[in-house]
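>>> no letters, just coordinates:
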């Protein structure tokens, strides 16, 4: 990123525009503040009945790419 920031959240936070004036900055700060945890994924698989099942073990790369687009 320009300015030498190591990640996207730092870059958005240091932009010289207020979040009130630029709603995209506010949205980006919220999105980049989300910390992914395996527990959330496990909870979704459990809710779908997919823990240690044939369905879960056969997920392809294409399926995971589709999940990431949701």
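That came through, no problem. A quick note: this is a predicted structure, and the numbers were derived from the prediction, not measured.
>>> from residue 9, how far out is residue 28?
Using Cβ to Cβ, to the nearest Å, residue 28 is found at 8 Å from residue 9. All C-beta atoms are positioned from the backbone trio N, CA, C, and that covers glycine.
>>> actually residue 27, sorry about that
For residue 27, the distance to residue 9 - Cβ to Cβ - is 12 Å.
>>> which one of the two has more residues nearby?
Neighbour count, other Cβ atoms under 10 Å: between residue 27 and residue 9, residue 9 has more, with 16 against 12.
>>> that one: which element?
helix 8-13 (DSSP states H and E).
>>> with residue 66 instead?
Residue 66 belongs to helix 61-68, assigned by DSSP H and E.
>>> same check on residue 16?
Assessed by DSSP H and E, residue 16 sits outside every helix and strand.
>>> report the contact partners of residue 29.
9, 12, 13, 19 (Cβ atoms under 8 Å, 6 or more residues apart in numbering).
>>> and which of those is nearest to residue 61?
Distance to residue 61 across these (Cβ to Cβ) is lowest for residue 9, with 27.2 Å.
>>> backbone phi and psi for residue 19, please?
In terms of degrees, to the nearest 10, the main-chain angles of residue 19 are phi -70, psi -30.
>>> my guess is it contacts residue 26. True?
Yes. The pair residue 19 / residue 26 is scored as a contact, 3.8 Å apart, by Cβ atoms under 8 Å.
>>> contacting residues for residue 38?
Neighbours of residue 38 in contact, by Cβ under 8 Å, 6+ apart: none.
>>> picking up where we left off before, which secondary structure elements does the helix holding residue 66 sit against?
Using 3 or more Cβ pairs under 8 Å, 6 or more residues apart in numbering; DSSP states H and E as the contact test, no helix or strand touches helix 61-68.
>>> state the mean pLDDT of it.
For helix 61-68, mean pLDDT is 76.
>>> can you pull out the residues in contact with that helix?
Applying Cβ under 8 Å, 6+ apart, the set of residues contacting helix 61-68 is empty.
>>> in it, what counts as buried?
Within helix 61-68, no residue is scored as buried using 16 or more other Cβ atoms under 10 Å.
>>> centre of the chain to it, how far?
Chain-centre distance of helix 61-68: 14 Å, with Cα atoms, centre = their mean, to the nearest Å.
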